[in-house]
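> the following block contains a protein sequence and its predicted model.
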Amino acid sequence: MSNTHQTKPVVNTDKKKPVINADIALFLRGLIIGKLMTIVVIGGLLWWLLKSNLWVRSNAEYSSVSLNTTSGEESTFKTVIDVPNDSFKYGGSTAWAPIRQLVDSQIQSARPELQFRYIDPVGGSPGSSSGIRMLLDGQLDFAQSSRPVTDTERATARERGFTLEQRPVGIDGIAVIVNPSLKVTGLTVKQLQQIYLGEITNWKQVGGPDLSITPFSQRPEDADIAILSNGSNLNMRSPGSNVHYIYSTTDAVRQVSQTPGGIYYTSARAVVGQCSVRALPLGRTSDQFITPYRQPSVSPEQCPRQRNQVNTEAIKNGSYPITSNLFVIIKHNKNREQRAGQVYANLLLTDQGQKAIEQAGFIPVRQ
């Protein structure tokens, strides 16, 4: 018998570690560097866009304006894209009345598919505050305001599941009117605030006669314009107990014309040309009074054949001390209301819209 030898399989117990080729390592490193460079380039591009004129800034909010025009081409109401074929409700600031009369009629003539319906508040007077309140309550699709949105209004919007954007489209001067018989050179901004806070109550405290001051104003909950804002948070301080509340500017003009110590503040466009009251010069300091009307002024005897005109140059160059942005207040809820507000603002920010706002007596924001 022959011996049979069985050969056992040889097992290699040496486990070799995988080796990465040097070329592959270089390739991977280059890929990582390339991605990092891409991120840097994209970040730089975004920074440039935010700094460039391709974006419109509104109190730290940026909103792109789609005007559908090529470089150098004038934008018009007809060039704005995404205009809905629908009817929308709006309202708010009484200072916007000339825009509603002149500009909005031009918009609806050029874009008949878009219709606007102005809504008055129920149980209050029309104004910026009442308009924003109606927007928050779902009674308006967008609002027109002569003051910024307050912190309280922003908080209310967030509680209801949306946010508010304020898009500036024009600039207005704020004029102060008094009885034409009152002999006062002018007021500083601080003195005006002190009058409405009840800290100054007699005209002799500001260089006038010994006569009690009778301040007139809209109610804070309906106010059109804010002159008592509390610093940067935009919340209004409470007026003094001596303030007399009125329904409208028309009512205020009548009251001031009949009250020797009367005073009222509102849009310069609304009162500078009135014959029965006098618009006061205002200043940041008492030695820098600027008139809200163009010089030379029109005397009461010449009015109404001639009327004072708004001092648009002083408002434009910033020398006039009290101005207010005209804001379209947009409801960001990803619905038809948001689209309506954005389209309306875009229409007003076209070249044609800005020219029409200037024709209505205001300063365009796009110079």
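Alright, I've got the coordinates. This one's a predicted model, so the numbers in the text were calculated from it and none came from an experiment.
> buried residues in stretch 115-134?
Neighbour-count burial for stretch 115-134, counted by 16 or more other C-beta atoms under 10 Å, picks out 116, 119, 121, 124-134. Quick note: C-beta positions are derived from backbone N, CA and C, even for glycine.
> to clarify, my last question referred to stretch 298-309.
Those would be 298, 308, for stretch 298-309 by 16+ other C-beta under 10 Å.
> quick one: which of the buried residues of stretch 115-134 sit in helices?
Judged by DSSP state H, the buried residues of stretch 115-134 include 128-134 as members of helices.
> and residue 250, how far is that from residue 206?
27 Å (C-beta to C-beta, to the nearest Å).
> check residue 96 too.
From residue 96 over to residue 206 (counting by C-beta to C-beta), the distance is 31 Å.
> between those two, point out the one with more neighbours.
Regarding residue 96 and residue 206, a neighbour count based on other C-beta atoms under 10 Å identifies residue 96 as having more, with 32 against 18.
> I'd assumed residue 144 was in contact with that one.
Yes. Taking contacts as C-beta atoms under 8 Å, residue 96 lies within contact range of residue 144: 4.3 Å.
> what sits in contact with each of these two?
With contacts taken as C-beta atoms under 8 Å, 6 or more residues apart in numbering, residue 96 and residue 144 have residue 326 as neighbours in common.
> where does this structure have low pLDDT?
1-72, 226, 228-236 (pLDDT under 70).
> ok, now which ones touch residue 98?
Residue 98 neighbours (C-beta under 8 Å, 6+ apart): 269, 360-362.
> state the helix or strand in which the spatially most central residue of the chain lies.
By C-alpha atoms, centre = their mean, the chain has its centre lying nearest to residue 327, at 2.8 Å. Assessed by DSSP states H and E, residue 327 sits inside strand 323-332.
> and the next element down the chain from that strand?
Past strand 323-332, the next helix or strand by DSSP H and E is helix 336-348.
> between that next one and strand 323-332, how many degrees?
140 degrees (axes from the mean of the first three to the mean of the last three C-alpha atoms, to 10 degrees).
> dump the helix or strand just after helix 336-348 to PDB, keeping only the CA atoms.
Downstream of helix 336-348, the first helix or strand assigned by DSSP H and E is helix 351-359. What follows is helix 351-359, C-alpha atoms only, in PDB (Å, rounded to 0.1, in the frame of the first residue of the first chain):
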ATOM      1  CA  ASP A 351     -39.900 104.900 -14.000                       C
ATOM      2  CA  GLN A 352     -43.500 105.700 -15.000                       C
ATOM      3  CA  GLY A 353     -44.700 105.200 -11.400                       C
ATOM      4  CA  GLN A 354     -42.000 107.300  -9.800                       C
ATOM      5  CA  LYS A 355     -42.700 110.200 -12.300                       C
ATOM      6  CA  ALA A 356     -46.400 109.900 -11.500                       C
ATOM      7  CA  ILE A 357     -45.700 110.000  -7.700                       C
ATOM      8  CA  GLU A 358     -43.700 113.200  -8.300                       C
ATOM      9  CA  GLN A 359     -46.600 114.700 -10.300                       C
END
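> residues in contact with helix 351-359?
Under C-beta under 8 Å, 6+ apart, the answer for helix 351-359 is 74-77, 99, 102-103, 106-107, 169-170, 326, 347-348, 363-366.
> report the buried members of those.
75-77, 99, 103, 106-107, 169-170, 326, 347-348, 363-366.
> can you flag which of those belong to helices?
Filtering the buried ones among the contacts of helix 351-359 for helices - DSSP H - leaves 106-107, 347-348.
> longest strand in the chain, by residue count?
strand 163-178 (DSSP state E).
> would you mark the buried spots in that one?
164-178.
> what of stretch 81-94?
In stretch 81-94, counting by 16+ other C-beta under 10 Å, buried: 83, 88-94.
> and stretch 279-299, by the same measure?
279-283, 289-293, 298.
> adding secondary structure and distance to residue 112, write the residues you listed out as a markdown table.
Putting these into a markdown table (DSSP: H, G, I helix; E, B strand; the rest coil; distance: C-beta to C-beta, whole Å) gives the following:
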| residue | secondary structure | distance to residue 112 |
| --- | --- | --- |
| 279 | strand | 39 |
| 280 | coil | 44 |
| 281 | coil | 45 |
| 282 | strand | 42 |
| 283 | strand | 47 |
| 289 | coil | 47 |
| 290 | strand | 43 |
| 291 | coil | 42 |
| 292 | coil | 37 |
| 293 | strand | 38 |
| 298 | coil | 40 |
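> lovely, talk soon.
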